[in-house]
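> Have a look at this prediction, sequence included:
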Amino acid sequence: MRLRPVRPVGWWFDALLLAGLVGLTVALVGHQLFGLDRAVADWADAHRPTVAYWVARVLNLLGQGTPLTLIAAGLGVLLAVRLRSVRPILPPVVAFVLTYLTIGPFKVWTARAAPSASVKEPFLPPEQTLPLFHDDLPVRFAQSYPSGHVANAIVWYGVIALLLAPLARSFGRQLPPRLVTVIRVAPPLVVLTTTTYLGWHWLTDSVAGLLLGLILDRLLHRVPWDDVPLPGRLRTWDRPFTSYP
């Protein structure tokens, strides 16, 4: 199997993303960037009228992991039935496993409280909401870093875009490349902006989610889904889907 190309080409960009994520985490462990996080959160709190709050809250639904997982799985099954191939189901399955094994454990390990933790349970002093490693808090109160909404949005909209193009071809339609790009880029940016504006995550949480999501997205798009070896009993449902005629 040969890995599929991604843009930018090469592993150097993945290494840069990983270095950014590690560097950001180390900076937060050293109590750096807290002033930036606090300033952004305070500005958002002071500029959040009711209408803007509800608009942001509705738009933030674009990053809900469970619905996105179900949509991607549904598209994969639909395409699998139309092509009589099990291969379109592989990307959603692998994406689910990959996100489950990375985003959640990372959040639990870093154990950071959200900005709102000072005004609602567990009612921490404002200065205590910023550091990582709140190991004395229940897990449900310390899962802010990185933003799962942002990371999930990048991964799942990438999978959805991967499946939509061949699905459109199966109906005799062509999905414009620019529309594919919009699907992959616009929702994650909306989620990053709204989740920070609503005070559900610190700015650095959202940036970390962006970096982690891009790393996972590039890994998934490198997989040659049409060439992955399948068990013998599945070879009757073995039609390629990313490049079929």
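Perfect, thanks for sending it.

> which other helices and strands contact the helix ranked longest in the chain?
Taking DSSP state H as the criterion, the chain has its longest helix at helix 148-170. Helix 148-170 sits against helix 65-83, helix 90-110, helix 177-197, helix 203-222, with contacts defined as 3 or more Cβ pairs under 8 Å, 6 or more residues apart in numbering; DSSP states H and E. Just so you know, the C-beta spots here come from the backbone N, C-alpha and C atoms, and that holds for glycine as well.

> List the buried residues of the last one.
It refers to helix 203-222. Within helix 203-222, the residues scored as buried using 16 or more other Cβ atoms under 10 Å are 203-221.

> about what we covered before: and the helices and strands packed on helix 148-170: which comes nearest residue 3?
Closest to residue 3 of the helices and strands packed on helix 148-170, according to Cβ to Cβ: helix 203-222, at 4.6 Å.

> tell me the mean pLDDT over that closest one?
Averaging pLDDT along helix 203-222 gives 97.

> what angle do that helix and helix 90-110 make?
Helix 203-222 and helix 90-110 are oriented at 150 degrees to each other (axes from the mean of the first three to the mean of the last three Cα atoms, to 10 degrees).

> Centre of the chain to helix 203-222, how far?
Centroid displacement of helix 203-222 relative to its chain, using Cα atoms, centre = their mean, to the nearest Å, is 6 Å.

> Same question for stretch 51-59.
That offset, for stretch 51-59, works out to 20 Å (Cα atoms, centre = their mean).

> Need the residues that contact that stretch.
48, 190, 191, 193, 194, 197, 198 (Cβ atoms under 8 Å, 6 or more residues apart in numbering).

> and with 10 Å instead?
Stretch 51-59 is contacted from outside by 44, 48-49, 187, 190-191, 193-200, using Cβ atoms under 10 Å, 6 or more residues apart in numbering.

> Dump the helices and strands packed on helix 148-170 to JSON lines, plus distance to residue 119.
Formatted as JSON lines, the helices and strands packed on helix 148-170 follow (distance: least, Cβ to Cβ, whole Å):
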{"stretch": "helix 65-83", "distance to residue 119": "25"}
{"stretch": "helix 90-110", "distance to residue 119": "21"}
{"stretch": "helix 177-197", "distance to residue 119": "16"}
{"stretch": "helix 203-222", "distance to residue 119": "17"}
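
> Return the most buried member of these.
helix 203-222 (a mean of 23; mean count of other Cβ atoms under 10 Å).

> Does residue 185 touch residue 191 like I think?
No. At 11.3 Å, residue 185 does not count as touching residue 191 under the criterion of Cβ atoms under 10 Å.

> Could you tell me which residues touch both of these two?
154, 157.

> and stretch 23-43, which residues are buried?
For stretch 23-43, by 16+ other Cβ under 10 Å, it's 24, 25, 28, 33, 34, 37, 38, 40, 41.

> repeat for stretch 132-144
Buried, per 16+ other Cβ under 10 Å, within stretch 132-144: 132, 134, 137, 141, 142, 143, 144.

> Show me which of the residues you listed is closest to residue 85.
Closest to residue 85, out of all of the buried residues of stretch 132-144 and judged by Cβ to Cβ, is residue 143, at 37.3 Å.

> Low-confidence stretches in this protein?
Scanning the chain for pLDDT under 70 picks out 235, 244-245.

> Just say helix, strand or coil for residue 199.
The three-state assignment at residue 199 reads coil, by DSSP: H, G, I helix; E, B strand; the rest coil.

> my guess is it contacts residue 38, does it?
No. Residue 199 lies out of contact with residue 38 (Cβ under 10 Å); the separation is 11.5 Å.

> Quickly list what's touching both of these two.
With Cβ under 10 Å, 6+ apart, residue 199 and residue 38 have common neighbours residue 115.
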